[in-house]
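# need a structure here:
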Amino acid sequence: MELTRRRFIAATPLSAMGLLSAATGLSLLAPGTAKASTSARDKHREPLEDFIYDIENGSEGWSGAGGTAKEATVEEFPVSQSIAGVLMTLKPGAFRELHWHSIAAEWAYVLEGRVRTTVISPDGSSSTDVFEVGDIWYFPKGHGHCLECLGDKTCKFILGFDSGHFSEFGTFSLTDWISHTNPGILSHNMHSNVLANQPARELYIGTGKIVTLPREPYINPDIPEGTSAHKFRMEADGILQNYAGGYTKLVSSKEFPIQTTLTALRMNIEPGAMRAMHWHPNADEWQYVMSGEGRVTIFGSHGRVKAMSYNQGKVAFIKQGYGHFIENTGKETLKLVVLFNSPVYEEVALNTWLNANPPQLIADHFGITVDQATSLVKGGSGIF
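Down below sits the predicted model:
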C-alpha cells in the first residue's frame with residue numbers, strides 16, 4: 001500500500017517529526033505557516049491595556065459658574081472604543097444649553113438632585129420630563145435636547161454615549177450655530193431680528209433663573225406632546241435580581257423601548273462578595289463606580305490576566321467576550337452603574353457552563369475525579 005504524505009504524518013509521533021524535518025530540511029507545514037503562526041501568537045500575547053480611568057479627577061474638563069463636565073472618551077481612555085462617558089453637575093438655575101449629538105445617542109443616570117429635560121423629535125413633537133435620583137433617560141442620536149437643574153439643589157448625573165469617539169465638547173450647540181450665522185439670514189429664517197446680534201460664542205452651560213416648575217408652556221402652545229417615553233425609573237422599576245451577595249437591576253430595550261443601542265444595569269456588591277466569573281458574548285461593558293471599593297480582573301486569552309482596583313468616581317471598560325469578575329475589597333457596599341453597547345443583555349457564567357457538561361469531560365480537563373467534578377454543581381452565578 002502506498003504511504004501517502006498525509007498518512008505518514010498521521011502515523012508519525014510529533015517528536016519524530018521534528019527530527020525528520022531537521023534531518024531532511026523538509027517542512028511539514030504549509031509554506032509560511034510557521035512564520036505566520038509565530039507572528040499571530042506574539043500579537044495575541046500583547047499585554048492587556050489599562051481598563052480603568054478616573055473620570056472625576058483624570059482630566060481638566062470644563063468648569064464654569066453653572067457647573068462642571070468631565071469626560072472619558074478614547075482620547076482620555078483609549079480602550080473604551082464603543083462607549084464614552086461624562087460626569088456633569090448643574091447648579092441651581094443652570095442649564096446645559098439646547099444641543100444635539102450627530103454621532104451618538106445620549107443615556108444618563110441621575111446621581112443627585114433633580115433634572116428637567118426637553119427633547120424635540122424628528123416628527124416635530126416635544127417632550128418634557130423630570131428626573132430624580134435613580135432615574136435614567138435616553139435621547140436618540142440627532143434629537144435636540146436641553147438639561148436644566150430643577151430646584152435649589154445642585155444636580156449631578158453620569159452620561160453615557162454609544163460611541164467612544166464622541167466628545168461632549170464637540171456637540172452641536174444652539175448658541176454656537178446662531179452666533180456664527182449671518183444676521184440677515186437669521187432674521188429671514190425667524191421672521192425676527194431679536195437674535196441678530198449675538199456674540200460669537202458657545203454658551204455650553206449657562207445660568208438663569210432657578211427652575212421650580214416640572215413643566216412650563218412652550219413658546220408655541222401648538223407644539224404636540226411626544227409619545228415616546230424618554231424616561232425610565234431604573235431604581236424603582238428595573239428588573240430586580242437578588243443574590244446572596246447583592247443585587248442587580250436591569251433595563252434593556254425590552255423594558256425601555258427607546259433605548260435601542262444600550263442596556264443599563266445597576267449593581268450592588270456587598271463587602272466580601274464577588275460578581276461571579278462570566279463574559280458577555282454580545283457587548284462591551286462600561287462601569288461607573290458610585291461608591292465603595294473594588295477590584296476587577298479580566299482574562300484576555302493566551303494566559304493574559306490583569307487586575308485593577310477602583311473606587312468612587314472611576315470608570316472601567318471590559319471588551320466584548322473577555323472573561324472577568326468583580327470583588328468588593330472595601331468595607332461598604334460597592335455600587336455600580338453599568339452600560340452594555342447592545343439593546344439586549346446576554347452573559348455566560350463560568351459555573352453554569354461547567355455544569356452544562358458531562359462530569360467525565362470536566363474531570364478529564366483538570367485531572368480530577370468524577371466525584372470532584374460533580375461537586376462543581378455547588379458553584380453559583382450572579383453575586384455571592
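# isn't residue 69 right up against residue 205?
Yes. In this structure, residue 69 sits in contact with residue 205. The criterion is C-beta atoms under 8 Å, and the distance is 7.0 Å. Any C-beta I mention is one placed from the backbone N, CA and C, and that applies to glycine too.
# identify the contacts common to those two.
Listed contacts common to residue 69 and residue 205 are residue 62; contacts here mean C-beta atoms under 8 Å, 6 or more residues apart in numbering.
# those two - which one has more neighbours?
residue 205 (22 against 19; other C-beta atoms under 10 Å).
# how many other residues sit next to the closest residue to the more buried one other than its chain neighbours?
Leaving out its chain neighbours, the residue that sits closest to residue 205 by C-beta to C-beta, 6 or more residues apart in numbering is residue 66, at 4.3 Å. The tally of other residues near residue 66 (other C-beta under 10 Å) stands at 21.
# how near is residue 66 to residue 96?
9 Å (C-beta to C-beta, to the nearest Å).
# find residues that contact each of these two.
90, 205.
# with just CA atoms, put stretch 222-229 into PDB.
Extracted C-alpha coordinates of stretch 222-229, given in PDB (Å, rounded to 0.1, in the frame of the first residue of the first chain):
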ATOM      1  CA  ASP A 222     -49.500  74.100  19.400                       C
ATOM      2  CA  ILE A 223     -46.300  72.000  19.500                       C
ATOM      3  CA  PRO A 224     -47.600  68.400  20.000                       C
ATOM      4  CA  GLU A 225     -46.500  66.400  23.000                       C
ATOM      5  CA  GLY A 226     -44.200  63.500  22.200                       C
ATOM      6  CA  THR A 227     -45.500  59.900  22.500                       C
ATOM      7  CA  SER A 228     -42.100  58.200  23.000                       C
ATOM      8  CA  ALA A 229     -41.100  57.700  26.600                       C
END
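# from what I can see residue 155 touches residue 116, true?
No. Contact between residue 155 and residue 116 fails when scored by C-beta under 8 Å: they sit 9.4 Å apart.
# which residues do the two both contact?
Both residue 155 and residue 116 are contacted by residue 149, under the criterion C-beta under 8 Å, 6+ apart.
# how about the residue nearest to the spatial centre of the chain, secondary structure?
Within the chain, one residue has its C-alpha closest to the average C-alpha position: by C-alpha atoms, centre = their mean, that is residue 286, at 3.1 Å. The three-state label given to residue 286 by DSSP: H, G, I helix; E, B strand; the rest coil is strand.
# show me what it is bridged to.
When assigned by DSSP bridges, residue 286 has beta-bridge partners residue 317, residue 339.
# need the contact list for it.
The neighbourhood of residue 286, defined by C-beta under 8 Å, 6+ apart, consists of 80, 82, 83, 85, 160, 315, 316, 317, 338, 339, 340, 341.
# if we only consider those, which is nearest to residue 368?
residue 316 (33.3 Å; C-beta to C-beta).
# packing partners of the helix or strand where residue 148 lies?
Per DSSP states H and E, residue 148 falls inside strand 145-149. Applying 3 or more C-beta pairs under 8 Å, 6 or more residues apart in numbering; DSSP states H and E, we find strand 145-149 packed against strand 84-90, strand 94-100, strand 115-120.
# ok, and which of these has the densest surroundings?
strand 84-90 (a mean of 24; mean count of other C-beta atoms under 10 Å).
# strands along the stretch 51-200 of the chain, start to end?
Taking DSSP state E, counting those that start in this stretch as the test, the strands found in the stretch 51-200 of the chain are 52-54, 62-64, 67-72, 84-90, 94-100, 106-112, 115-120, 126-131, 135-139, 145-149, 155-161, 172-173.
# can you tell which of the ones you listed is closest to residue 293?
Across the strands of the stretch 51-200 of the chain, the minimum distance to residue 293, taken as C-beta to C-beta, is reached by strand 52-54, at 12.3 Å.
# packing partners for the closest one?
Here strand 52-54 is seen to pack against strand 305-311, strand 314-318 when contacts are counted using 3+ C-beta pairs under 8 Å, 6+ apart.
# now with 7 Å, please.
Secondary-structure packing of strand 52-54 (3 or more C-beta pairs under 7 Å, 6 or more residues apart in numbering; DSSP states H and E): strand 314-318.
# okay, the angle between the strand it packs on and strand 155-161?
20 degrees (axes from the mean of the first three to the mean of the last three C-alpha atoms, to 10 degrees).
# how about residues contacting strand 314-318?
Contacts of strand 314-318 from elsewhere in the structure, counted by C-beta atoms under 7 Å, 6 or more residues apart in numbering, are 51-55, 72, 77, 79-80, 85, 284-289, 296, 298, 310, 324.
# change it to 8 Å
Strand 314-318 is contacted from outside by 51-56, 72, 77, 79-80, 83, 85, 280, 284-289, 296, 298, 308, 310, 324, using C-beta under 8 Å, 6+ apart.
# so what's the residue nearest to residue 350 when sequence neighbours are not counted up against?
On the basis of C-beta to C-beta, 6+ apart, the spatially nearest residue to residue 350 that is not a chain neighbour turns out to be residue 277, at 4.0 Å. Counting by C-beta under 8 Å, 6+ apart, residue 277 makes contact with 323, 324, 325, 349, 350, 351.
# give me the element residue 277 is part of.
With DSSP H and E as the test, residue 277 turns up in strand 274-279.
# and that strand, how far from the chain's centre?
For strand 274-279, the separation from the chain centroid amounts to 17 Å (computed by C-alpha atoms, centre = their mean, to the nearest Å).
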